[in-house]
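Enquirer: Give me coordinates for this.
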Amino acid sequence: MDLPSDTPRLPKWIFLTGDAFLLLAAWYIADQSARPMTGSTLVAIAICVAVAVVLGAFPFVADYARRQDEALDNRQRALQALQQVGLGDRLSHHTSQLSGGQQQRIAIARALINRPELVLADEPTGNLDTRTSIEIMGLFQQLNQSGITLVMVTHELDIAAYCQRIVVMRDGRVIRDTRNEAPRSAREEIAKLDQAEQKAKLA
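Expert: Coordinates of the predicted model:
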């Protein structure tokens, strides 16, 4: 019996011992085939088979435990990613119950589960309203401050203003590559929107 590749920590004697007990049970059966089996012989065969089955199941038990640990780790990572994008209170919601901005956050959380060093975003604010677009850019700025590099494609210059570096392309060629020394702050822009909405309510 070969050792499974995903259970390297199990000693080989476990598998060899299981094979030995199985062979012993086969020998008992072959030795008693020409004469009636006694009760003690049947018990011996049953014990040998049971031991062989238990020892042979060890790698499967270890594999099941490993998969359970992986599933638990993946769930914890998913919960952390959802909390990181501000959706920790939406765990029981279905996709149809989420807004466009929340669905975009879900996509970002999915990318964060494997703890990447680089995130590629293609038009992340394309179908979003102004406030939600700024909130997404605020999330990107937070991720960038935590050490994650983000590369974003956008056709909106006002969205590009939130980035530290802006590369402008036309017809497949780079026509401008500049560093934005004063990127727009999403937090400040949200505060301005809140103030404007508050004034509108009071007017």
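Enquirer: any idea whether I166 is helix, strand or coil?
Expert: strand (DSSP: H, G, I helix; E, B strand; the rest coil).
Enquirer: tally of neighbours for the nearest residue to it once chain neighbours are set aside?
Expert: Of all residues not flanking I166 in the chain, A160 sits nearest, at 5.1 Å (C-beta to C-beta, 6 or more residues apart in numbering). For every residue, glycine as well, the C-beta is placed using N, CA and C. By the measure other C-beta atoms under 10 Å, the count of residues near A160 is 19.
Enquirer: for A111, same thing?
Expert: 18.
Enquirer: list the contacts for the residue nearest to R176 when sequence neighbours are not counted?
Expert: Of all residues not flanking R176 in the chain, V168 sits nearest, at 4.1 Å (C-beta to C-beta, 6+ apart). Shown in contact with V168 (C-beta atoms under 8 Å, 6 or more residues apart in numbering): 174-177.
Enquirer: Do I have it right that A160 meets T154?
Expert: Yes. A160 lies in contact with T154 (C-beta atoms under 8 Å); the separation is 5.7 Å.
Enquirer: For L143, which non-adjacent residue is spatially closest?
Expert: Nearest non-adjacent residue to L143, counting by C-beta to C-beta, 6+ apart: L150, 6.4 Å away.
Enquirer: re earlier: check the gap between the residue nearest to I166 and K201 for me.
Expert: Per C-beta to C-beta, to the nearest Å, A160 is found 31 Å from K201.
Enquirer: Checking I175 next. Helix, strand or coil?
Expert: Applying three-state DSSP: I175 is strand.
Enquirer: Can you give me the distance of it to V167?
Expert: As for I175, its distance to V167 is 9 Å (criterion: C-beta to C-beta).
Enquirer: With neighbour numbers in mind, choose between the two.
Expert: Shown here are I175 and V167; by other C-beta under 10 Å, V167 has more neighbours (13 against 9).
Enquirer: Spit out the contact partners of that one.
Expert: 174, 176-177.
Enquirer: How about R165?
Expert: R165 neighbours (C-beta under 8 Å, 6+ apart): 177-180.
Enquirer: Which one of those residues is nearest to L139?
Expert: The closest of the contacts of R165 to L139 turns out to be N180 (C-beta to C-beta; 18.2 Å).
Enquirer: Relative to G86, how far out is that closest one?
Expert: 25 Å.
Enquirer: Give me the more crowded residue out of the two.
Expert: Shown here are N180 and G86; by other C-beta under 10 Å, G86 has more neighbours (16 against 13).
Enquirer: State the pLDDT value of the more buried one.
Expert: We have a pLDDT of 82 for G86.
Enquirer: Same question for R184.
Expert: Listed pLDDT for R184 reads 94.
Enquirer: could we number from 619 for the rest of this?
Expert: New numbering, starting at 619: the last item is R802.
Enquirer: quick one: it and I777 touch, right?
Expert: No. The criterion here is C-beta under 8 Å, and R802 misses it with I777 at 9.1 Å.
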